[in-house]
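Visitor: sequence first, then the predicted structure:
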Amino acid sequence: MKSKVNARVDPAGSLGSDLHLELPDSPAGGRRGALMSALRDAIRTGRLAPGTKLPPYRSLATDLGLARNTVAEAYAELVAEGWLTARQGSGTYVARRARLADQRQRRPTAPDRVPRARYNLVQGTPDASAFPRSAWLASARRALTAAPNDAFGPGDPRGRAELRRSVAEYLARARGVRADPDRIVICSGFAGALRLLGEVRTGTVAVESYGLGYYRHLLSAAGLRTVDLPVDAYGARVEDLADTGAETVLLTPAHQFPTGGPLHHERRSAVIDWARAEGGLVLEDDYDGEFRYDRQPIGAVQGLDPDRVVYIGSVSKSLSPALRLGWMVLPGGLVDEVVEAKGEREPWASALEQLTLADFLDSGSYDRHVRRMRRHYRRRRDQLIEVLAERAPHVRVTGIAAGLHAVLELPPGTEASVVKAAAWQGLALEGLSLYRHAAGAGAPSDGLVVGYGTPPEHSFSGALEALCEALPLPEGAPVPGRGMRVG
């Protein structure tokens, strides 16, 4: 039998880090041998990683109920054996030993030998290196200093009142949303919002024929049936809604994902007419509404009828998905149902991060960051267009007026080979077919979804070079003797 011993506070004041060890109840080598065996096991299994600092022997002796000399002698023997290292005046550490044989990585098989991705043009994330650390830290300090005592208690499932007020003011000003703080529920991004809505809606949801399959899975997991709504050059064909039998429709009207076009203004009005006539509900995913380049910003569909539209937004693209902060602006009749579905306490979003975001919005830091990133991503987009115009003028680029990605149209039957060629160039890249749920009328059949917002600045040029090397040659062009291009 073994007894599990956890570190506890040293009543004598000799404090060290916590260390959990399992000591045999009847050790063959006495208490010192038991301690040495437990430490060896913890190091051998990797639970104590190389370089880990151990508690001072006085502190560990008190925690384990052992004599100080017992622990000191165990440490000394393990140093002599090479398990530990001691640094004068610094402490005792786990030695930086080579990995044991049973921890060695398996030999790579043939599929593993594809070069590891050095570059990343997968859509979905902003440039992580551009996160406004200093401004965010300043807001966090102000928010923590001013935080009321109740911010450190159980969270309100609606979200902090300070953030709901700040979000309402921002959305009304910047996105044309008719937002009342009492109709806003804070959530952990779009997926969190969809999970909650899936608990209060029933029946059938019409989903654009191009989009993230993950969202369809969330709706299906909630017991909802999904049907395809075709997409063409003018966005979702909302005139087909009457034929789907849907009570709810999920749209990306400002920037259809991933094909890139906005929902035509006549269709924006038409979907509201459908919702009013059929008692339907529109779920508006405004996933990158801040980033517009070659056109005037398009206001939210929610502004046309707040009682028929749930507006959903987040900071995943504008700041970082790591923050897990988003919001729903709900019709009045849905607020109580969504709050009840969420539960009595805030299960996801940290109150302190909510207060920090409220300050970030109120101080103008969010607006300054968005304007800076809008210029940054526009330069990225322009560089992508210029490189393709020079290196691959036969490839048509679409969806470039807004957002953080573009679509490159490819000749039929070439998408899979291009994605594979990109992998051999060390480039992570996705094909358009990954987001296709059904044949979308007017949409390209083969293509690439190029996330130009993702790479850090130092690797963007290299990513574009790898992209150009992977693209197919124009029809009739001679095949080069070298390189990874595919025809």
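Guide: Great, that's in hand.
Visitor: for residue 170, give me its contacts.
Guide: The neighbours of residue 170, taking C-beta atoms under 8 Å, 6 or more residues apart in numbering as the test, are 361, 366. For every residue, glycine as well, the C-beta is placed using N, CA and C.
Visitor: going forward, count from 34.
Guide: In the new count, where the first residue is 34, that last one comes out as residue 203.
Visitor: buried set for stretch 194-214?
Guide: 195-201, 203-204, 207-212, 214 (16 or more other C-beta atoms under 10 Å).
Visitor: for these, which one is nearest residue 376?
Guide: residue 197 (17.5 Å; C-beta to C-beta).
Visitor: and the closest one, what element?
Guide: Secondary structure from DSSP states H and E places residue 197 in helix 194-207.
Visitor: pLDDT (mean, whole number) over the next helix or strand after that helix?
Guide: Using DSSP H and E, the helix or strand that directly follows helix 194-207 along the chain is strand 217-220. Along strand 217-220, the predicted local confidence has a mean pLDDT of 96.
Visitor: which residues are contacting strand 217-220?
Guide: By C-beta under 8 Å, 6+ apart, the list of residues contacting strand 217-220 reads 190-193, 196-197, 200-201, 226, 229, 358-363, 368, 371-372, 375, 379, 381-382, 387.
Visitor: who's in contact with the next helix or strand after it?
Guide: Tracing the chain C-terminally past strand 217-220 and defining elements by DSSP H and E, one meets helix 222-233 next. The set of residues external to helix 222-233 that reach it, using C-beta under 8 Å, 6+ apart, is 218, 220, 247-248, 251-252, 254-257, 316, 318, 320, 343, 345, 347, 349, 354, 357-361, 367, 370-371, 374-375, 381.
Visitor: helices and strands around whichever helix or strand comes after helix 222-233, which ones?
Guide: Proceeding N to C from helix 222-233, the next assigned helix or strand is strand 237-241, under DSSP H and E. Packing partners of strand 237-241 (3 or more C-beta pairs under 8 Å, 6 or more residues apart in numbering; DSSP states H and E): helix 246-254, strand 258-262, helix 274-277, strand 281-284.
Visitor: pick the most deeply packed of these.
Guide: Looking across the helices and strands packed on strand 237-241 with neighbours counted as mean count of other C-beta atoms under 10 Å, the highest average goes to strand 281-284: a mean of 24.
Visitor: ok, that one: who's next to it in the sheet?
Guide: Paired neighbours of strand 281-284 in the sheet (DSSP bridges): strand 237-241 (parallel), strand 314-318 (parallel).
Visitor: to residue 92, which of those lies closest?
Guide: When these are ranked by proximity to residue 92, the top entry is strand 314-318, at 53.2 Å, counting by C-beta to C-beta.
Visitor: other residues contacting the closest one?
Guide: The contact list for strand 314-318, computed with C-beta under 8 Å, 6+ apart, reads 223, 227, 230, 234, 238, 280-286, 290, 304-305, 308, 333-335, 341-345, 364.
Visitor: now the longest helix along the chain and helix 194-207, what's the angle there?
Guide: Scanning the chain for the longest helix, with DSSP state H as the assignment, gives helix 398-424. Taking axes from the mean of the first three to the mean of the last three C-alpha atoms, to 10 degrees, helix 398-424 and helix 194-207 form an angle of 50 degrees between their directions.
Visitor: so which bits of the helix or strand that helix 398-424 is followed by are buried?
Guide: Sequence order places strand 429-431 as the next helix or strand after helix 398-424, per DSSP H and E. For strand 429-431, the buried set under the neighbour-count rule, 16+ other C-beta under 10 Å, comprises 430-431.
Visitor: what is the rounded mean pLDDT of strand 429-431?
Guide: Taken as a whole, strand 429-431 has an average pLDDT of 94.
Visitor: residue 260 is in contact with residue 242, correct?
Guide: No: the pair residue 242 and residue 260 fails to qualify as a contact (C-beta atoms under 8 Å) at a distance of 9.8 Å.
Visitor: which of the contacts of strand 217-220 fall in strands?
Guide: Among the contacts of strand 217-220, the residues falling in strands (DSSP state E) are 359-362.
Visitor: next, count neighbours for the residue nearest to residue 117 when sequence neighbours are not counted.
Guide: With sequence-adjacent residues excluded and distances taken as C-beta to C-beta, 6 or more residues apart in numbering, residue 117 is closest to residue 111, at 4.4 Å. Burial measure for residue 111: 22 neighbouring residues, criterion other C-beta atoms under 10 Å.
Visitor: and the pLDDT for residue 111?
Guide: Residue 111 is assigned 90 on the pLDDT scale.
Visitor: from the middle of its chain, how far away would the helix or strand where it lies be?
Guide: Applying DSSP H and E as the criterion places residue 111 in helix 101-114. When C-alpha coordinates are averaged (C-alpha atoms, centre = their mean, to the nearest Å), helix 101-114 and its chain have centres 46 Å apart.
Visitor: what sits against residue 381?
Guide: With contacts defined as C-beta under 8 Å, 6+ apart, the neighbours of residue 381 are 220-221, 225, 357.
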